[in-house]
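*Asks:* This is the structure alone, sequence omitted:
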């Protein structure tokens, strides 16, 4: 169901709000608030009604409810003074009073339906594709990581084409092992094509199957099976990559298609440990520790494996981000050493450049050097989601707020279902805060916290945004929660949270945190 009112469209199925044809980011509770008010627009709803429906009866302060209501009004172009759409009669409750049109067909606001709903278009006329998790047909269930690694390398090869939009692997992991509706997946990810397949690994033999599907029509455009010796795994991957590109975009200039022909390492055993490290959840303390150990083993087996060095530096970056470091000085030095060694080993791999650049910038504080590496990664591979993401942070640290916002938005388009997407949301919150757009910053921070409730940076910017918007109660509440997560935090240490070179932004941030009640 989609609700159309004024220049807004609230899409319940996709949980999206559009205003003036542009997507508006809202926190889950704000979206639910709008949904509930519109569905019950024939009556005045009470505070108790809202708490029961949205907060499931949990205690909610009047200030928190007022904040959500103000954010909801702002998102649809209303205000507490105008009350053009959401009215609050004194001592009676809340009612949505705007004229609403309901349509079950997912169409853009103001445009009459002309046929079946189409997938969300990619940028311009670019073909877009998502590679679904390959089924593991090996007898050993622990080989799941191997199938995931195959998908990752095929994505890397496909994304080298500047004429193709490729969705990052993290956004498709949730479909593993599930019966899927091809049309719905295409709509969810906003792609024209889907690639699904399987990997069978037995003894020294390898079999890969692949099927290319038009997500709109469900028609199978191409299917093929590849067999080979395990030692030839990278050659088989190249063949799959080349065939897929040829099948979905025969009109593309072949000169633009760069295949991932270079083997990441000559040692399959080292590569095996690298893939295992990638398979762990990096944003849990236990997963991070396990991945650090596996990446170290990969480097010990093959000391010239550039990606294993880059991954080691990245994992130390996550330790800092979540406040898990035990020896900050030692880990800072180790992250810098691993990043620089990765670059020494391979200066042309965009993934290596992105991993090394983010670690040098965020952990070692060498922001100019790190930013140059990340921007070079984007130049080499425009569809590498992690490079776009770290380019956003690099621009933010250097004070290029508009460029940062553009990179974060591009990252969200490439990787809409990434389990680490909360960090991009947080980046957008910082960018809007630095630009003085406190309501938008609050929205993005709340979205980030809705995805990951222990991410310190998201709580930082939420407290600051509330403070500068004059919501002192909410600011102090957010700051208190932040201090519970990391009791040693103080205003003077804020500059160490990131290598910011943007003095006006940092001054505004420290001022806001003082208002929110953070100790000096």
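*Replies:* Yep, that arrived. Not measured: the values here are computed from a predicted model. Numbers count the residues shown, from 1 in each chain.
*Asks:* Can you list the low-confidence ranges for the protein?
*Replies:* Applying pLDDT under 70 to the chain flags the ranges 1, 21, 56-60, 103-127, 140-143, 146, 160-164, 230-268, 280-283, 495-497.
*Asks:* Domain-wise, how is it divided?
*Replies:* 2-103, 128-256, 264-381, 417-520 (automatic domain parsing).
*Asks:* what's the burial count for residue 23?
*Replies:* 12 (other CB atoms under 10 Å). (Glycine included, C-beta is placed from N, CA and C.)
*Asks:* Contacts only, for it.
*Replies:* Shown in contact with residue 23 (CB atoms under 8 Å, 6 or more residues apart in numbering): 16-17.
*Asks:* going forward, begin numbering at 31 instead of 1
*Replies:* Let's use 31 as the start, then, which means that last one is residue 53.
*Asks:* Give me the three-state assignment for it.
*Replies:* Three-state call for residue 53 (DSSP: H, G, I helix; E, B strand; the rest coil): strand.
*Asks:* How many residues are close by residue 399?
*Replies:* Neighbours around residue 399, by other CB under 10 Å: 18.
*Asks:* got it, and residue 326?
*Replies:* Using other CB under 10 Å, residue 326 has 17 neighbouring residues.
*Asks:* Give the phi and psi angles for it, as a check.
*Replies:* Note on residue 326: backbone dihedrals following degrees, to the nearest 10 are phi -60, psi -40.
*Asks:* correct me, but it touches residue 341?
*Replies:* No - if you go by CB atoms under 8 Å, residue 326 and residue 341 don't touch, sitting 9.8 Å apart.
*Asks:* mind listing the strands for the stretch 131-280 of the chain?
*Replies:* For the stretch 131-280 of the chain, the strands defined by DSSP state E, counting those that start in this stretch cover 131-133, 158-161, 165-166, 195-196, 223-232, 235-244, 250-259.
*Asks:* Each with direction, which strands does the last one pair with?
*Replies:* Sheet pairing here is set by DSSP bridges, and for strand 250-259 it gives strand 235-244 (antiparallel).
*Asks:* Report the buried residues of the strand it pairs with.
*Replies:* 236-240, 242-244 (16 or more other CB atoms under 10 Å).
*Asks:* Give the other helices and strands that the helix or strand hosting residue 93 contacts.
*Replies:* Assigning secondary structure by DSSP states H and E places residue 93 in helix 92-105. On a contact count with 3 or more CB pairs under 8 Å, 6 or more residues apart in numbering; DSSP states H and E, helix 92-105 meets helix 58-69, helix 77-84, strand 116-117, helix 468-481, helix 502-515.
*Asks:* For it, list every residue counted as buried.
*Replies:* Residues of helix 92-105 classed as buried under the neighbour-count rule (16+ other CB under 10 Å) are 94-95, 97-105.
*Asks:* Reformat the residues you listed as CSV; add distance to residue 499.
*Replies:* Listed next are the buried residues of helix 92-105 as CSV, based on distance: CB to CB, whole Å:
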residue, distance to residue 499
94, 14
95, 16
97, 9
98, 13
99, 14
100, 9
101, 10
102, 15
103, 13
104, 10
105, 14
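*Asks:* Checking residue 394 next. Helix, strand or coil?
*Replies:* Counting by three-state DSSP, the backbone at residue 394 sits in coil.
*Asks:* which residues touch it?
*Replies:* The contact partners of residue 394, by CB under 8 Å, 6+ apart, come to 362, 365-366, 369, 400.
*Asks:* Could you tell me which of these belong to helices?
*Replies:* Under the assignment DSSP state H, the contacts of residue 394 contribute 362, 365-366, 369, 400 to helices.
*Asks:* Can you tell me which of those residues has the most neighbours?
*Replies:* Using other CB under 10 Å as the neighbour criterion, residue 369 leads the ones in helices among the contacts of residue 394 with 32 neighbours.
*Asks:* Can you tell me how far that residue is from residue 501?
*Replies:* Counting by CB to CB, to the nearest Å, the gap from residue 369 to residue 501 is 40 Å.
*Asks:* can you check residue 55 too?
*Replies:* On the measure of CB to CB, residue 55 and residue 501 end up 18 Å apart.
*Asks:* can you pull out the helices in the stretch 81-230 of the chain?
*Replies:* For the stretch 81-230 of the chain, helices defined by DSSP state H, counting those that start in this stretch occupy the ranges 92-105, 174-189, 212-219.
*Asks:* would you list those helices in CSV and tack on distance to residue 111?
*Replies:* Output for the helices of the stretch 81-230 of the chain, formatted as CSV (distance: least, CB to CB, whole Å):
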stretch, distance to residue 111
helix 92-105, 10
helix 174-189, 48
helix 212-219, 38
